[in-house]
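from the sequence below, what's the structure:
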Amino acid sequence: MATRIPATVITGFLGAGKTSLIRHMIENNRGKRLAFLINEFGDLGIDRELLLGCGIEGCDEDDVVELSNGCICCTVADDFLPAIEAILARPNPPDHILIETSGLALPKPLVKAFSWPEVKARITVDGVITVVDSKAFSEGRFADDEAAVQAQREADDSLDHDNPLEEVFEDQLMCADMVILNKLDLIEDGVADRIQVELAAHMRPGVRFVHAREAAVDPVVMLGLDAKAEDDLANRPSHHDDHGDGEDDHDHDDFDSFTLRLNSVADADALEARILKAVGDHDILRVKGFLDRPGVARREVVQAVGPRLRRYFDRAWRPDETRQSELVIIGLKGLDQDAISRAILG
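Below you'll find the predicted structure:
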């Protein structure tokens with residue numbers, strides 16, 4: 001059999017740092033030809049634009065393929081396989097393929113797709129990498145811990161039920177070949193060791209941990225794991241495995257997203273304050289998008305995860321594109337879109 005192209009699946013919950021991790025890999029790829037498959041949650045291709053806006057050599061438009069028609073683990077046949085086949089059909093196929101799943105995706109159904117005849121002869125899953133927001137986990141989110149869940153319930157009445165986010169989070173851990181504890185700069189010394197012990201209880205034996213700040217991990221550490229994960233599915237349990245009825249117990253009806261379009265933003269600080277208040281008042285998990293600042297040649301990126309929000313300018317607006325402010329709002333099912341829109345628009 002000819003040498004197969006390795007593929008790395010990068011998973012992790014919303015805002016854990018997956019896109020930042022990929023950007024760091026691009027900056028330090030040591031001459032490898034990389035292809036990227038980005039799966040968005042929401043109808044605005046923020047993550048793809050963040051990669052293309054990085055200005056890094058070796059990150060060209062043809063190398064970044066976006067899937068935004070649904071969660072990648074639910075649309076394997078319709079979206080994922082055609083995208084992979086298109087990558088393989090290129091005159092110069094990549095040396096490595098990086099697949100960034102949406103924060104809500106389950107990795108196991110995606111890994112299963114690599115066993116399909118159209119793919120198996122050409123690609124192998126080099127490894128599944130799960131990125132964890134250490135700060136969020138240290139605050140008790142997405143942990144199967146009674147005290148932490150109780151604290152969540154007391155803070156938010158909407159969480160007074162079984163939290164499906166925990167199952168998604170645990171599935172991402174159980175399928176991982178490597179877990180990156182990101183954002184260690186936001187937690188106190190010694191907390192990372194406690195987090196590692198807690199996470200290990202939901203993981204397969206022997207899975208490695210890597211500690212990171214701002215998702216800066218050497219690609220040498222992440223690539224070349226040679227896990228052949230598609231041949232190891234039996235050792236990667238999932239809450240959503242087939243339970244004898246022939247169907248995977250898996251859907252994404254517990255989440256909503258919508259795109260909010262704004263005019264030019266003269267006072268970004270005031271907008272930031274309104275976004276953070278909306279996050280606190282509603283079931284918002286993630287806000288991401290771009291701002292058009294009048295009189296400023298570059299677009300401004302907005303990234304919010306819970307109560308933490310970052311803004312930075314990434315690239316100049318192109319002459320052929322319409323300057324527009326757009327935000328994707330992602331949250332639990334039942335988002336009050338009208339109330340959130342009014343709160344953010346002011």
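
quickly list what residue 210 is bridged to.
residue 180 (DSSP bridges).

tell me how many other residues crowd it.
Residues contacting residue 210 under the criterion other CB atoms under 10 Å number 15. (Glycine included, C-beta is placed from N, CA and C.)

quick one, what contacts it?
With contacts defined as CB atoms under 8 Å, 6 or more residues apart in numbering, residue 210 is in contact with 178-181, 217, 221-222.

and it, how close does it get to residue 115?
27 Å (CB to CB, to the nearest Å).

can I assume residue 25 sits in a helix?
Yes: the assignment for residue 25 is a helix, going by DSSP: H, G, I helix; E, B strand; the rest coil.

that one against residue 221, yeah?
No: applying CB atoms under 8 Å as the test, residue 25 and residue 221 come out as separate, 10.4 Å apart.

give me the more crowded residue out of these two.
Between residue 25 and residue 221, counted using other CB under 10 Å, residue 25 has the larger neighbour count: 22 against 14.

where's the more buried one relative to residue 126, distance?
13 Å.

ok, residue 94 next?
Taking CB to CB as the measure, residue 94 falls 12 Å from residue 126.

overlap of the contact sets of residue 25 and residue 126?
Between them, residue 25 and residue 126 share these contacting residues under CB under 8 Å, 6+ apart: residue 223.

tell me the SS of residue 304?
When classified by three-state DSSP, residue 304 comes out as strand.

near it, how many other residues are there?
Other residues within reach of residue 304 by the criterion other CB under 10 Å amount to 23.

equivalent analysis for residue 186, please.
Other residues close to residue 186 by other CB under 10 Å number 15.

does it really touch residue 139, like I thought?
No: the pair formed by residue 186 and residue 139 falls short of the contact definition of CB under 8 Å, at 10.1 Å.

picking that back up, the more surrounded of residue 94 and residue 126?
Remark: of residue 94 and residue 126, residue 126 carries more neighbours, 24 against 18, as counted by other CB under 10 Å.

please report the distance of that one from residue 273.
For residue 126, the distance to residue 273 (CB to CB) stands at 43 Å.

with residue 298 instead?
Taking CB to CB as the criterion, residue 298 is separated from residue 273 by 22 Å.

ok, which stretches of this protein are helices?
In the chain, the helices defined using DSSP state H lie at 18-27, 46-52, 81-88, 107-113, 117-120, 134-138, 146-155, 164-174, 191-200, 219-222, 268-281, 337-345.

and those helices, which one is worst for confidence?
For the helices of the chain, the bottom mean pLDDT is recorded on helix 146-155, which sits at a mean of 42.

could you list the single helix or strand in this structure with the lowest mean pLDDT?
helix 146-155 (a mean of 42; mean pLDDT, DSSP states H and E).

now render the helices of the chain as CSV, adding distance to residue 288.
Putting these into CSV (distance: least, CB to CB, whole Å) gives the following:
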stretch, distance to residue 288
helix 18-27, 9
helix 46-52, 5
helix 81-88, 22
helix 107-113, 21
helix 117-120, 30
helix 134-138, 16
helix 146-155, 23
helix 164-174, 18
helix 191-200, 25
helix 219-222, 23
helix 268-281, 11
helix 337-345, 13
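
of all those, which one is nearest residue 257?
With distances scored as CB to CB, the stretch of the helices of the chain nearest to residue 257 is helix 337-345 (9.8 Å).

just how off-centre is that closest one within its chain?
The chain centre lies 25 Å from the centre of helix 337-345; the measure is CA atoms, centre = their mean, to the nearest Å.

other SSEs contacting that helix?
Here helix 337-345 touches strand 255-262, helix 268-281, strand 325-332, going by 3 or more CB pairs under 8 Å, 6 or more residues apart in numbering; DSSP states H and E.

returning to that earlier point: ok, which of the helices of the chain comes nearest residue 8?
Distances from residue 8 to each of the helices of the chain were compared using CB to CB; the shortest belongs to helix 219-222, at 6.7 Å.

and the closest one, how far out from the chain's middle?
Taking CA atoms, centre = their mean, one finds the center of helix 219-222 at 18 Å from the center of the full chain.

mind listing what's buried in it?
Applying a neighbour-count criterion of 16 or more other CB atoms under 10 Å, the buried positions in helix 219-222 are 219, 222.

which secondary structure elements does that helix sit against?
On a contact count with 3+ CB pairs under 8 Å, 6+ apart, helix 219-222 meets helix 18-27, strand 178-182.
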